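J.: sharing a model that was predicted from the sequence below.
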Amino acid sequence: MALHRTARALKSDPAARVLLTTFSEPLARHLQTKLGVLLAQDRGAASRATVASFEAVAAELYELAFALRPRLARPEQIEAALAGAAAETGLAGFSQRFLDIEWQQVVDPRRVNSAEAYAVVPRLGRKTRLGARQREALWPVFERARARLEGQGLMTLPMLFNTLADYFEGRKDKPFSHVVVDEAQDLGVAELRLMRAIAPVEGADRLFFAGDLGQRIFQQPFSWRELGVDLRGRSSTLKVNYRTSQQIREAADALLPASVRDVDGEEADRRDTISAFEGPSPEVRLASSLEQEQAWVAAFIREALEKGLAPEQIGLFVRSPHELQRARAAAAIAGVEVIEISGDRTEAEGRISIGVMHLAKGLEFRWVSVMACDDDVLPAPERVDAVIDQADLDDVYETERHLLYVACTRARDRLLLSGLAPGSEFLEDLRPGV
């Protein structure tokens, strides 16, 4: 939808300057390639499109607005700033992980800049309740952490997005005539503010979002209406799936609730969705050894190639970088080269793609193998063990299910899920449809 909306805007208005943006560089490059195909007969229209990730387009706009490149803080620098500030203030009773998440999900994206603001800021998605005294004790830590980063000339991504939103909100001249966002379910508070600020104030189709609530894996839910983006009566749900076979879609849908609702009441109901084509049911195989699993996946790859698929039409996904070697080993047994999906990924021609589930979003392959679905890999044990409040455990499990859903739905025609016995508990949900 996002691609076709972009192409339509460019073709219908010779003066249109369209931004097509999404959450990651691999997906942005994928969209750039597909848009080039759609506009192959109209190079002039293609030249008026900017296709980039949220971070990349923000960095470019910042340089244009302020004549310098933003210096973005690395995660370890942010963590060190928080730890140092906590030590300075003598804060007790809160873990480093709590401080990190509170900063990431509340203080930083919402630009909380005073004790008074922190006392009343909404903490949607945060299950640990905080009383007035607790917020009063925490605020000096966040205030000092921000001062530490600014003192080093550093900014976080939310700081970058919010700075640009402030810059463009009061300007009549906007950098784009249309803004199209793909995978919009993973927009955060600061990203949404920026998208709204760089789009024209008036005009049809000036701001378009395409997304799937079932694939939200990066952001906690929040109210879009609170930020001036009201979707009531202006949204619709596609009921025909053209990307994934009926059998794969039905099996993957078993991982999620039949209906998913956001904070503003917008609902995505999967019960009436159908696929435009059918195919074989997904296969779940649990091995007694790594070697057995790798042999199965190697045979899966060979079968795909024997049926005429090009290597770049095959994808192997795992939960985390720790399991990537299992995918590499399977590909080596099959005698094919691999390319790892990353921010620096080049074209995969002649190679199969391997990657972690987080980077699978938006990508498409005809055959997909989801490997290493072990009981001590999925859900990620380090995330489960790090839960501070029992109420947070549900969020961890929900996100892990969404990750597996994303990986499974990258497959168009064939899907193989494998792991070491007894396998992830999530595989039991898939079995009724397999």
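T.: Sure thing, it's come through.
J.: what's near enough to touch the residue nearest to Gly36 when sequence neighbours are not counted?
T.: The shortest distance from Gly36 to any non-neighbouring residue, by CB to CB, 6 or more residues apart in numbering, is to Ala46 (6.2 Å). In this view, the C-beta of every residue, glycine as well, is placed from N, C-alpha and C. Residues near Ala46 by CB atoms under 8 Å, 6 or more residues apart in numbering: Leu10, Leu35, Gly36, Leu39.
J.: which two from these end up farthest apart in space?
T.: The most widely separated members of the contacts of Ala46 are Leu10 and Gly36, with 12.0 Å between them, by CB to CB.
J.: who has more neighbours, these two?
T.: Taking neighbours as other CB atoms under 10 Å, Leu10 and Gly36 compare with Leu10 leading, 25 against 13.
J.: that one and Ala49, how far apart?
T.: Distance, Leu10 to Ala49, using CB to CB, to the nearest Å: 6 Å.
J.: now do the shared contacts for these two.
T.: Joint contacts of Leu10 and Ala49 (CB under 8 Å, 6+ apart) are Val18, Leu39.
J.: which residues in this structure form strands?
T.: Counting by DSSP state E, the chain has strands at residues 18-22, 49-53, 178-182, 207-210, 240-241, 259-261, 267-269, 274-275, 283-287, 314-318, 338-340, 352-356, 365-370, 411-420.
J.: what stretches of this protein score poorly on pLDDT?
T.: 124-128, 203-204, 213-220, 232-233, 258-271, 343-347, 387-391, 431-434 (pLDDT under 70).
J.: the longest helix along it: how far from the chain's middle?
T.: Looking across the chain with DSSP state H, the single longest helix is helix 132-151. Its chain's C-alpha centre and that of helix 132-151 lie 28 Å apart, by CA atoms, centre = their mean, to the nearest Å.
J.: may I have it exported as CSV, CA atoms only?
T.: Output in CSV follows, covering the C-alpha atoms of helix 132-151 (Å, rounded to 0.1, in the frame of the first residue of the first chain):
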residue,chain,number,x,y,z
ALA,A,132,4.7,11.1,43.6
ARG,A,133,7.6,10.5,46.0
GLN,A,134,9.2,8.0,43.6
ARG,A,135,8.9,10.3,40.6
GLU,A,136,10.4,13.1,42.8
ALA,A,137,13.4,10.9,43.6
LEU,A,138,13.9,9.8,40.0
TRP,A,139,13.7,13.1,38.3
PRO,A,140,17.1,14.4,39.3
VAL,A,141,18.7,11.3,37.7
PHE,A,142,17.1,12.0,34.3
GLU,A,143,17.8,15.7,34.5
ARG,A,144,21.5,15.0,35.2
ALA,A,145,21.7,12.3,32.6
ARG,A,146,20.4,14.7,29.9
ALA,A,147,22.9,17.4,31.0
ARG,A,148,25.7,14.8,30.8
LEU,A,149,24.8,13.9,27.2
GLU,A,150,24.4,17.6,26.2
GLY,A,151,27.7,18.4,27.8
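J.: which helices and strands does that helix pack with?
T.: If you count contacts as 3 or more CB pairs under 8 Å, 6 or more residues apart in numbering; DSSP states H and E, helix 132-151 packs onto helix 75-89, helix 96-102, helix 115-120.
J.: closest one to Glu425 among those helices?
T.: Shortest distance between Glu425 and these, using CB to CB, is found for helix 96-102: 24.0 Å.
J.: burial of Leu138, as a residue count?
T.: Residues lying near Leu138 (other CB under 10 Å) number 23.
J.: residue contacts, it?
T.: Leu91, Phe94, Leu99, Glu102, Tyr118, Leu130.
J.: let me have the residues you listed in CSV, extended by neighbour count and distance to Asp375.
T.: Converted to CSV, the contacts of Leu138 look like this (neighbours: other CB atoms under 10 Å; distance: CB to CB, whole Å):
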residue, neighbour count, distance to Asp375
Leu91, 15, 37
Phe94, 17, 32
Leu99, 21, 31
Glu102, 23, 31
Tyr118, 21, 40
Leu130, 18, 34
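J.: so which of those comes closest to Arg249?
T.: Glu102 (37.1 Å).
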